[in-house]
Structures are given as C-alpha cells and as structure tokens.
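1. with the input below, show me the fold.
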Amino acid sequence: MLDIIPALLLVTGVVFLVLMILLNKTLYKPLISFMEHREKSIKKDMENTGKNSDEVAAFKQEAQEIILRAKTEANKIKESALVLAKDEAMKRYEAKKSELEEQYSQFLQKLDAQRVELKETLRKELPLFRSSVKTKLDQI
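-> Numbering: from 1, shown residues only. So this is what the prediction gives:
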C-alpha cells in the first residue's frame, strides 16, 4: 500500500532542512532579537521610572522647603507690618494725647482767667450786693 521511496524521502528531508534554515534566518532570529530588545527596553524603562520617582521625591521635598521658606518669610513680613502699624498707632496716640493735653491746659488757663475775672467782677459789685442785702434785711 504505502511504498517508501528513498529519493522522495531524501528530497522531503532536504526541503524540511532548507525550510528550517530559512525560517530560522527570516523569522526566528529576528523575532528572538526583537523580544530581547523589547525586554531590555522594558528593564531600561523600569530603571528610568525608579530614577524619575527619586527625582519626583526630590522635587517634592524642594517644593516643601520653598513653601516653608515662603511661610516663614510671610510671617516675618506680617510681624514687621504689625510692628510698623503699632508704631504708627502709638505715634498717632501720642500726638493726639499731646494735642488734648495742650487743649486741656488752654482750657484750664481760660478757666483761671474767667475765675479771676469773675472774682474781680464780684469784688466790684460787692458793695452793691451788700447794700441790696442790707436793704432786704432791713425790710424783714
């Protein structure tokens, strides 16, 4: 039924070997080199990711330091502004206080002058007052 023909078996073996060599050169070697290249690329990307994570952490730390310095500087500016405002308020307070003291002393001087004037007026009118009191007393 089946006859084995050695020449045909040999030609089939040669065709199979040539096919294997051709497939090895055109398909398997490029595929294997592509896979190795891809694996190296993935490893390299993973290393870069690790480095990027370190850089991100460093940048984050630097940003936190900058924010801390900014807060410190803002507090210093706020404190200096507060001190300046207090100084300005104290200057205004002292100026107003001295102005009021001056007005008060002028008021006291006017009051003294009015008192002296009133005393003089009363002294001048004292004889008239005495006579009117005496007249009233005499009427009683």
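2. what residue ranges in this structure score low on pLDDT?
-> For the chain, the stretches flagged by pLDDT under 70 are 1.
3. report the distance from the helix ranked longest in it to the chain centre.
-> Ranked by residue count and defined by DSSP state H, the top helix of the chain is helix 29-139. In this view, helix 29-139 has its centroid 19 Å away from the chain centroid, taken as C-alpha atoms, centre = their mean, to the nearest Å.
4. list the contacts for the residue positioned nearest the centre of the chain?
-> In the chain, the centroid-proximal residue (C-alpha atoms, centre = their mean) is residue 71; its distance is 5.4 Å. By C-beta atoms under 8 Å, 6 or more residues apart in numbering, residue 71 lies in contact with nothing. The way it works is simple: take the backbone N, C-alpha and C, and place the C-beta from them, glycine included.
5. so how far is residue 89 from it?
-> Between residue 71 and residue 89 the computed distance is 26 Å (C-beta to C-beta, to the nearest Å).
6. one more: residue 104?
-> Distance, residue 104 to residue 89, using C-beta to C-beta: 22 Å.
7. can you check residue 136 too?
-> Distance of residue 136 to residue 89, given as C-beta to C-beta: 61 Å.
8. check residue 126 too.
-> Noted for residue 126: a distance of 54 Å to residue 89, by C-beta to C-beta.
9. now residue 120
-> As for residue 120, its distance to residue 89 is 46 Å (criterion: C-beta to C-beta).
10. please apply the same query to residue 55.
-> Separation of residue 55 from residue 89 (C-beta to C-beta): 50 Å.
11. one more: residue 76?
-> On the measure of C-beta to C-beta, residue 76 and residue 89 end up 20 Å apart.
12. now swap in residue 105 and tell me
-> Distance of residue 105 to residue 89, given as C-beta to C-beta: 24 Å.
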